[in-house]
Structures are given as structure tokens and as C-alpha cells.
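Student: I would like to see how this sequence folds:
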Amino acid sequence: MSRIVVLGAGLGGMATAYDLRAALGAGADITVIGDGPYFNFTPSNPWVAVGWRTPERIRVAVREPLNEHGIHFSAVPVQAILPDENRLQLLDGQMMGYDYLIIATGPRLAFDEVPGLGPENGFTQSVCTGPHAQAAWAAYQKFLDNPGPIVVGAVQGASCFGPAYEFAMILDADLRRRKLRDRAPITFVTPEPYVGHMGLGGVGDSKGLLESELRKRDIRWITNAKVAAIEAGHIKLDELDAKGALLQAHGLPFAYAMLIPAFTGVDAVRAVPALVNPRGFVQIDAFQRSPIYRNVFAAGVCVAIPPVESTPVPTGAPKTGFMIESMVGAIVQNIQAELAGAPADARATWNAVCLADMGETGAAFVALPQIPPRNVTWAKTGKWVHLAKIAFEKYYLKKARTGNTHPVFERYVLKLLEIETLKPRAPRH
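Tutor: Residues are numbered from 1 along each chain as shown. Below is the predicted model:
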């Protein structure tokens, strides 16, 4: 019986474990190793940070549902990966062997790369994890007693811009409901060369669309921004021009700030040089597999993807939920093929679909494929995007809780996203 270990109990890890069980039946011994006992639906973290969701509503204790599918679970994180030995060392000293390893850990949050960044040893908030969103909500409640300037955005090297745009507009919506918006000017700070770049070189008219949405909400922005340091109530940043030369130095006061950090690979992964690139992300071939360790696969944010283009201030390429789902599908098919004695030949589509909530409306961005040139690019706004975000929250929480999703619900979500409009049509003659 093949021993398959999945590192990570997030979107990619949980989907991989359940899909492997469905594909392989009882013919595999599957273990999931998580960093704690919960699956947390990360895209809902911005709602937690303003009190629109409770942490309990967007997380699932995964041990019981995994066990019901015959999948083992450990909440003890991995301390070391020993790929030459096909073994893992857990934080408690336990050793675990494997025949196949799937890395779906998500990223390490590189707050340490900017002085004063982050909620633990710095002065800014984060929505990157469940505990961070909860801390951001606690800080926001204190802010509401004495409102002032707000800074939202991302720092140099960031690759996940959607939550930053979301949070700026969600804050705007929440403060207007509380009739406090006039006491809280908002500035959006980003390393992107222009608003709506998204680490993707733009998607359709994302530049004009997001600039318009920010203007409607009286949110000012600074692009090509490189954050030098953060002190209590003050951000120092340099705004560069298109050639990377200093255009203007800014000092921004803030009473509340949320900045997305750059990502690296998690410590246990980046400690294996032959497995990763210089930032600690897993190098993979066309089949989601390590070129060096052929029984090691990877999916999600931990995967190495080069930037779509060079920018004056470094930016990375995002990995969206749809892309992660396609990576998972390819991994499952390839492991199933290898166990049957066939070659691994399934490839992920790497299409990007991003849903950004804006309170009661939202914006959707679609890039097929993510890396240019593309067959399809568009950006749209509407209340349907807000509803689609809620639908996906229910979809993934149900999948984490049961391992199953209702096919009627899946069709509803796809229709809501207007995926049918993206299918190629035969030309009319």
C-alpha cells in the first residue's frame, strides 16, 4: 500500500487529500499534516478583520472529517523534510516515511524583510492568516474609538494583491455604515507599477476599473511604492518612477494600517536547496513534480512561478484558488497514473480567476492562462461577485467539512461566475 503524505491543511492540501482518496480508494495510506487543527478559508479573512465574520464561522476542525474518509491527520508541523530518505521529521521528533509527498504548505510571511512590518513584532496588521485577521479586528475596534488616517496595501515583493484591494474597499464600506468615514482618510500603497496590475501585468481593463472604484470611494493611492520602514503611527516609503529611480519620498501617518508582506517558502521547505528556488518556493516541472525528487509534488502558493514581467519595484505572480484546484487535479491524476504503471502526463491549466469583494459589490478578474499571452482576459464588477464570494466560502467550507460538494451547487457557482461565457465558441459562417 502506497504511503502518501500531504503537507498542509489549507485549500490545496485538503482538496488533494480528499481527491486522492476518491481516486485511489482504499489502496493508499493517506496522511495530512497541518500547522494546527483547523482548515481556515483564507479569502474570508478580510471580513473577519472588520467583524463581518467570526473566526469560528470560516474554519473547520479537520481531524474528524478526514478520519471519516480514512485519512490520517497530524496537527504537529513538519520540522525537516529529508527527501533523500523519503522521510519527514515532525516538530515533536516523530519520523514519518512516505512513498509520495505533496507539498501544499502555503507561504511563510516575510514580515522580517521590512523593519516594523507585521502584527507580531511590528506596527501593521495582516489578513493573511486566521489569527492575524482576528488580531486585526481587535486593533480595528480600538481604532473605531479614535479614528484617523488608514494605510492599506502591500510591500515590495508581494504577490497577493487581491486581499489588499478588498480590504481597502471593505474598510471604506464599514466606516461609511458607521458614519466615521469622514474621520478616516484612506491611502492605498502598492509596489505595482499601476493600480490593477495585480502581479499579472493587468487583466483586461483592471487598471481603469480599479482606479474608478478607488476614486468613487475617495481612496488615494501611491504606486511603485517601496516601503523603507514602519514606526508607530508612521510609514516611510519611496515612490519610484518607471525606470526605478526615486521620484518622491513619502512619510505617511496612520492610526490603522494593513500591509500584505512578501512571501517565501516555509522554513522546512526552503531548508532543502535542491527542492526550491532562492526564495524557498518549490521548483516543479510541467506535471507539478520536483525535477530532482520525482516522488515529490507541490501545489498552491508554495510553488515557484516567475514574475509575469519585470517591474520597477519587485512584484510576484499570484496563485488563485482556481489555479490551485487545477494543480491539485493534475497531481491526483499523475499519482494515480504512476501507481497504475502509466506515465504522469496531466498538466494544470494555471488559469487565474480572482474575486475581490467590495462590501456589497465586487470585482472579478479572469486571465486564461495566467501567464501572457492569453486566450481570455476580462474584468467585471457587480453585486454577483459579492454573492459569488459568499458562495465559494460555503463551497470550500463544506468540502473541508465533508469531503463532498453538491453538483447542483457546483453548477450554480460556475454559472454565477459566468464561466460559460469563457468557453470557446465555434466561429459562425
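Student: residue ranges of the helices in this protein, please?
Tutor: 11-24, 45-49, 63-68, 130-145, 162-177, 206-216, 267-270, 321-339, 383-402, 407-416 (DSSP state H).
Student: Need the winner for burial among those helices.
Tutor: Of the helices of the chain, the one with the most neighbours on average (mean count of other Cβ atoms under 10 Å) is helix 45-49, at a mean of 26. C-beta coordinates here come from the backbone N, C-alpha and C atoms, glycine included.
Student: buried sites along stretch 285-297?
Tutor: Phe287, Gln288, Arg289, Ser290, Tyr293, Asn295, Val296, Phe297 (16 or more other Cβ atoms under 10 Å).
Student: would TSV of the helices of the chain with mean pLDDT and distance to Gly233 be doable?
Tutor: Shown next, in TSV, are these (pLDDT from 0 to 100; distance: least, Cβ to Cβ, whole Å):
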stretch	mean pLDDT	distance to Gly233
helix 11-24	95	35
helix 45-49	98	19
helix 63-68	97	42
helix 130-145	98	12
helix 162-177	97	17
helix 206-216	97	23
helix 267-270	97	32
helix 321-339	94	35
helix 383-402	90	32
helix 407-416	51	42
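Student: To Ile30, which of the ones you listed lies closest?
Tutor: helix 11-24 (5.7 Å; Cβ to Cβ).
Student: The buried residues of stretch 285-297 into JSON lines, with extra columns for distance to Ala49 and pLDDT?
Tutor: Supplementary listing: these in JSON lines, determined by distance: Cβ to Cβ, whole Å; pLDDT from 0 to 100:
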{"residue": "Phe287", "distance to Ala49": "38", "pLDDT": "98"}
{"residue": "Gln288", "distance to Ala49": "32", "pLDDT": "98"}
{"residue": "Arg289", "distance to Ala49": "37", "pLDDT": "98"}
{"residue": "Ser290", "distance to Ala49": "36", "pLDDT": "98"}
{"residue": "Tyr293", "distance to Ala49": "38", "pLDDT": "98"}
{"residue": "Asn295", "distance to Ala49": "39", "pLDDT": "98"}
{"residue": "Val296", "distance to Ala49": "35", "pLDDT": "98"}
{"residue": "Phe297", "distance to Ala49": "33", "pLDDT": "98"}
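Student: Go through these and say which is closest to Asn351.
Tutor: Gln288 (14.9 Å).
Student: pretty sure that closest one is in contact with Asp345, am I right?
Tutor: No - using Cβ atoms under 8 Å, Gln288 is not in contact with Asp345, being 11.6 Å away.
Student: Need the overlap of contacts for the two.
Tutor: Common contacts of Gln288 and Asp345, defined by Cβ atoms under 8 Å, 6 or more residues apart in numbering, comprise Asn334.
Student: on that earlier part again, which among the buried residues of stretch 285-297 gets closest to Phe188?
Tutor: Nearest member of these to Phe188, counting by Cβ to Cβ, is Gln288, at 34.4 Å.
Student: Okay, the closest one and Tyr100: tell me how far apart.
Tutor: Noted for Gln288: a distance of 12 Å to Tyr100, by Cβ to Cβ, to the nearest Å.
Student: Pull up the overlap in contacts between those two.
Tutor: Looking at what touches both Gln288 and Tyr100 (by Cβ under 8 Å, 6+ apart), the common residues are Phe297.
Student: Take the helices of the chain and write them to a markdown table, including distance to Ser310.
Tutor: Formatted as a markdown table, the helices of the chain follow (distance: least, Cβ to Cβ, whole Å):
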| stretch | distance to Ser310 |
| --- | --- |
| helix 11-24 | 28 |
| helix 45-49 | 29 |
| helix 63-68 | 42 |
| helix 130-145 | 30 |
| helix 162-177 | 21 |
| helix 206-216 | 18 |
| helix 267-270 | 23 |
| helix 321-339 | 22 |
| helix 383-402 | 30 |
| helix 407-416 | 35 |
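Student: for Gly208, what are its contacts?
Tutor: By Cβ under 8 Å, 6+ apart, the residues touching Gly208 are Gly196.
Student: cool, Gly157 as well?
Tutor: Applying Cβ under 8 Å, 6+ apart, the residues contacting Gly157 are Ala110, Glu113, Pro191, Pro261, Ala262, Phe263, Pro314, Thr315, Gly316.
Student: are any of those residues buried, and which?
Tutor: Ala110, Pro191, Pro261, Ala262, Phe263, Thr315, Gly316.
Student: Go through the residues you listed and name the one nearest Thr31.
Tutor: Phe263 (25.4 Å).
Student: Tally up the residues packed near the nearest residue in space to that closest one that is not next to it in sequence, please.
Tutor: Spatial nearest neighbour of Phe263, excluding adjacent residues (Cβ to Cβ, 6 or more residues apart in numbering): Pro107 at 3.5 Å. By other Cβ atoms under 10 Å, the residues close to Pro107 number 23.
Student: and Pro107, what does it touch?
Tutor: Phe263, Thr264, Gly265, Val266, Val301, Cys302.
Student: Please parse the chain into its domains.
Tutor: Here the domain assignment for the chain is 2-36+75-107+265-349, 111-262, based on automatic domain parsing.
Student: Now distance to Val5 too, for the contacts of Pro107, in JSON lines please.
Tutor: Shown next, in JSON lines, are the contacts of Pro107 (distance: Cβ to Cβ, whole Å):
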{"residue": "Phe263", "distance to Val5": "23"}
{"residue": "Thr264", "distance to Val5": "22"}
{"residue": "Gly265", "distance to Val5": "17"}
{"residue": "Val266", "distance to Val5": "15"}
{"residue": "Val301", "distance to Val5": "19"}
{"residue": "Cys302", "distance to Val5": "15"}
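Student: ok, so of the residues you listed, who is nearest Gly70?
Tutor: Nearest member of these to Gly70, counting by Cβ to Cβ, is Cys302, at 25.6 Å.
Student: what about the closest one, how many neighbours?
Tutor: 28.
Student: Ile284 is in contact with that one, correct?
Tutor: No - in this structure Cys302 lies outside contact range of Ile284 using Cβ under 8 Å: 9.8 Å.
Student: unless I'm mixing things up, Ala80 is touching Ala268, no?
Tutor: Yes - the criterion here is Cβ under 8 Å, and Ala80 meets it with Ala268 at 5.8 Å.
Student: List the residues that contact Asp174.
Tutor: Taking Cβ under 8 Å, 6+ apart as the test, what Asp174 contacts is Val50, Gly51, Trp52, Gly359.
Student: Now the buried members of these.
Tutor: Val50, Trp52, Gly359.
Student: from these, which ones fall inside strands?
Tutor: Residues of the buried ones among the contacts of Asp174 located in strands (DSSP state E): none.
Student: and of those residues, the nearest to Leu66?
Tutor: Checking the buried ones among the contacts of Asp174 one by one against Leu66 (Cβ to Cβ), the nearest turns out to be Trp52, at 28.7 Å.
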